[in-house]
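> Please find the sequence and the predicted model below.
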Amino acid sequence: MKRLLTLIFVILSILLLLWYFRIHKNTCNAWYNIDSEYTGNSYVIDKFENGTIAKDSPAIVLYILDGDSFLSQFRSYLKAKYPDQPLILISIAYKGINYREKDFTAPPQKPTSFHGYAHKYVNFINEELIPQVESHLDIVVEKRVFFGHSLGGFLGLYYLMECNNDTKFTDFILASPSVWWADDYLFSKVNDWNSSLLNKEVNIFTSTSNFDDSRIVSKFDAFWGKFTMKTSININLHILHLKDLKHSETGFETYKKALKSIIQ
């Protein structure tokens, strides 16, 4: 009996350690940390510099939501495919508990809700993330790129329609955006959107896959149909219908295809 209790204790200890390191895996060796006054959350910022990044020279900066899921793959592809391209990857992840469903979603809910804080996350991006990160880069930002997958893609669309001409990004990579979220909230938002307020050129690269549920693909096509009717000549829209990819795989494939156009 004593040996059994000891074994149970050891197993529970191992499980607890695994849980701890999974939650805190991004807190070690981080390039930068931000405690947001807008969202109340703590973020781990990691950086990868590709090519030769000379001081005060032009470079592309690509911000990656859910960076802990994508940075390693994005970095490896960038190094192999475009080794000389001056490009900086900025990964945004959570220090501790992942609050993406809170940060990336709209419309605003009750203060106690676990959803609907996208308006605060937009302020975090514009007022804290970009100014703090780029104050440490010593470059001239040639292009500033937003990457979001799934709910991150939803957030990218919300950001663009919320900020209009105050957007800080030249390019948006929106892989399998959750346009259906909150009973098609983005459909009503695009209906009310005055796109004429956006008078700077913006490129959007967005995708879905035939492996997605057919209802999701239909929502995707319907949303971009509405979006196209409302957009101005300043928006260059690139829609990708990917083949034979799971939802979790569309982020990397969309990144690869968009990167080719962004770098040219």
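Arrived safely, thanks for sending.
> Run through this structure and note the low-pLDDT ranges.
Along the chain, segments meeting pLDDT under 70 span 1-29, 111-112.
> all strands of this structure, in order?
32-35, 42-50, 58-65, 87-94, 140-149, 171-175, 202-209, 235-242 (DSSP state E).
> For the stretch 101-250 of the chain, which segments are assigned as helices?
118-123, 130-134, 151-163, 181-192, 214-230, 250-263 (DSSP state H, counting those that start in this stretch).
> between the third one and strand 140-149, how big is the angle?
Put plainly, it is helix 151-163. Counting by axes from the mean of the first three to the mean of the last three Cα atoms, to 10 degrees, helix 151-163 lies at 130 degrees to strand 140-149.
> Remind me what helix 151-163 packs against, helices and strands.
Contacting helix 151-163 under the criterion 3 or more Cβ pairs under 8 Å, 6 or more residues apart in numbering; DSSP states H and E are the following elements: strand 58-65, helix 100-103, helix 118-123, strand 140-149, strand 171-175, helix 181-192, strand 202-209. The C-beta positions use only the backbone N, C-alpha and C, and glycine is treated the same way.
> what residues does it touch?
The contact list for helix 151-163 (Cβ atoms under 8 Å, 6 or more residues apart in numbering) reads 65-66, 100-101, 103-106, 118-119, 121-122, 125-126, 146, 148, 167, 169, 172-179, 181, 186, 189-190, 193, 198, 202, 204, 206.
> re earlier: deepest-packed of the strands of the chain, please.
Compared across the strands of the chain, strand 171-175 shows the largest average neighbour count, a mean of 26 (mean count of other Cβ atoms under 10 Å).
> and that one, what does it pack onto?
Where contact means 3+ Cβ pairs under 8 Å, 6+ apart, strand 171-175 is packed against strand 140-149, helix 151-163, strand 202-209, helix 250-263.
> Among those, which comes closest to Tyr77?
Closest to Tyr77 of the helices and strands packed on strand 171-175, according to Cβ to Cβ: helix 250-263, at 6.3 Å.
> Only the buried residues of that closest one, if you could.
By neighbour count on 16 or more other Cβ atoms under 10 Å, the buried set for helix 250-263 is Thr250, Gly251, Phe252, Glu253, Thr254, Tyr255, Lys257, Ala258, Leu259, Ile262.
> Find the nearest non-adjacent residue to Phe205, please.
In this structure, Phe205 finds its nearest non-sequential neighbour in Ala258, 3.7 Å apart by Cβ to Cβ, 6 or more residues apart in numbering.
> who's in contact with Asp184?
Residues counted as contacts of Asp184 (Cβ under 8 Å, 6+ apart) are Lys219.
> how about a cut-off of 10 Å?
By Cβ atoms under 10 Å, 6 or more residues apart in numbering, the residues touching Asp184 are Val190, Lys219, Ala222, Phe223.
> quick one: it and Gln109, what's the gap?
Distance from Asp184 to Gln109, counting by Cβ to Cβ, to the nearest Å: 16 Å.
> try Leu65
20 Å.
> cool, and Pro58?
On the measure of Cβ to Cβ, Pro58 and Gln109 end up 41 Å apart.
> repeat for Gly148
Going from Gly148 to Gln109 by Cβ to Cβ gives 20 Å.
> Alright, I will stop here.
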